[in-house]
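Visitor: just coords:
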C-alpha cells in the first residue's frame, strides 16, 4: 500500500503541472545542504588550524542562517533557470536524435559559467555590494568556475542527457551536485569574514 502511494506521489510530483515546483524545491534543498556542509567544513578547517596555533579555540559551530538563506535564493534561481534550460534544450535538440547529446554538452559548456557568474550579481545585490566589487569577484573566480564547470559538470551532464528521462534531469543534477553546491558556497563566500 505504501509503495503504491509513493509511486503515485512521485508520478504526480514529476508530472508536467508540478515539475517546476518539484525542481525548485529540489534545487533549494540541494544547495542548502551544500552550504551547510561547506560551513561545517570551514568551521572544521578553522578549528584544526587554530589547534596548531598556540591558543586553540573550542568555539562551537555557529550556523550562518543568512548565508544559507542567500544560497537558497541562488537555489531558486538555479532551479527555475535549470527547469527552463532543460526544456529548451529538449525542444531545440530532441532527445531521440543521436547528435543531440553532444550539442547539449556544447550549450552547457557555454551556459554554466554564465549562470554561475550571474549569481555573483544576485549576491552583490543582496549584500549591497558595489558593482565594481561584484565584477572583481567574478573576475577572481571565473577561471576556477570554468574549470569546475567543465571538469565536473560536462561528464555529469553527458550521463544526464544520454540516460536520464527528461522529468528527472533536474533531480539527478541537484542530487549529484551537492558537493558542487558546497564548492559554490565556498566560492561565493570565501572573501567574507
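Guide: Cool, the structure landed. In this text, all values refer to a predicted model and were calculated from it rather than measured experimentally.

Visitor: from here on, just use CA atoms for contacts and neighbour counts.
Guide: Noted.

Visitor: so how far is the longest helix along the chain off the chain centroid?
Guide: Of all the elements of type helix in the chain, the one with the most residues (DSSP state H) is helix 16-52. How far helix 16-52 lies from its chain's middle: 9 Å, per C-alpha atoms, centre = their mean, to the nearest Å.

Visitor: that one - what's its average pLDDT?
Guide: Looking at helix 16-52 alone, the average pLDDT works out to 88.

Visitor: quick check: which helices or strands does that helix pack against?
Guide: In terms of contacts (3 or more C-alpha pairs under 8 Å, 6 or more residues apart in numbering; DSSP states H and E), helix 16-52 is packed against helix 2-13, helix 65-92, helix 169-176, helix 178-189.

Visitor: now do the buried residues in the longest one.
Guide: Applying a neighbour-count criterion of 16 or more other C-alpha atoms under 10 Å, the buried positions in helix 65-92 are 67-68, 70-80, 82-83, 85-86, 89-90.

Visitor: tell me the helices and strands packed up against that helix.
Guide: Contacts of helix 65-92 with other secondary structure elements, assessed using 3+ C-alpha pairs under 8 Å, 6+ apart, are made with helix 16-52, helix 100-126, helix 169-176.

Visitor: what do you get if the cut-off is 7 Å, keeping everything else the same?
Guide: The criterion is 3 or more C-alpha pairs under 7 Å, 6 or more residues apart in numbering; DSSP states H and E, and the helices and strands that helix 65-92 contacts are helix 16-52.

Visitor: low-confidence regions, this structure specifically.
Guide: Counting by pLDDT under 70, the chain has low-confidence residues at 49-58, 193.
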